[in-house]
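Visitor: Only the shape, not the letters, is given here:
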């Protein structure tokens, strides 16, 4: 594993996650849509050292110190990890000639993580099945992760790798 791969994944992951967050800001402020509260992710992570991995729902679990900071840090760390996996699969050569479709496809594939790990552990059920509007929640996750894939591509286009 080269240091180039690690550094490129760091930059690419941060750029793609920023893209995802910008779209979430647009959804929140212009479209008045509710977006994910990363403090709940921080609460989930914060309860793990105590052996608690699932909640029903996470909003009823005891708050933890710095859960917002922890949640946002994990959000970016996961974005960097996803970028690392993408570059490991595609190779650093993709950065020289970035193509949208592999990045978008990878972004869509990463929706597996919230559907089958995060949402069930936060008490929302598999693919948000226990939420009041599961199809809306699923669509929001799909849009967010698609945006991450587009962010991989845009970051590679904008930055000189």
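Guide: Thanks, I have it. For clarity, every value in this text was computed on a predicted model and none was experimentally measured.
Visitor: Show me where the chain dips below the pLDDT cut-off.
Guide: Within the chain, the set of residues satisfying pLDDT under 70 comprises 1.
Visitor: quick one, helices of it?
Guide: 3-29, 38-47, 67-90, 93-96, 100-109, 112-113, 119-121, 134-158 (DSSP state H).
Visitor: what residues does the last one touch?
Guide: I take that to be helix 134-158. 11-12, 15-20, 23-24, 27, 33, 35-36, 79, 82-83, 86, 94-95, 98-100, 103-108, 110-111, 114-115, 119, 124-125, 127-128, 131 (C-beta atoms under 8 Å, 6 or more residues apart in numbering). C-beta: built from backbone N, CA, C; applies to glycine.
Visitor: one step back: of the helices of the chain, which is nearest residue 60?
Guide: Go through the helices of the chain one by one with C-beta to C-beta and the one that ends up closest to residue 60 is helix 38-47, at 10.3 Å.
Visitor: quick one: that closest one to helix 3-29, angle?
Guide: Helix 38-47 runs at 130 degrees relative to helix 3-29, counting by axes from the mean of the first three to the mean of the last three C-alpha atoms, to 10 degrees.
Visitor: Could you tell me the angle between helix 38-47 and helix 67-90?
Guide: With the same axes, to 10 degrees applied, the angle from helix 38-47 to helix 67-90 works out at 90 degrees.
Visitor: Quick one: residues in contact with helix 38-47.
Guide: Residues from elsewhere that reach helix 38-47, judged by C-beta under 8 Å, 6+ apart: 53, 55, 58-59, 61-75, 118, 121-122.
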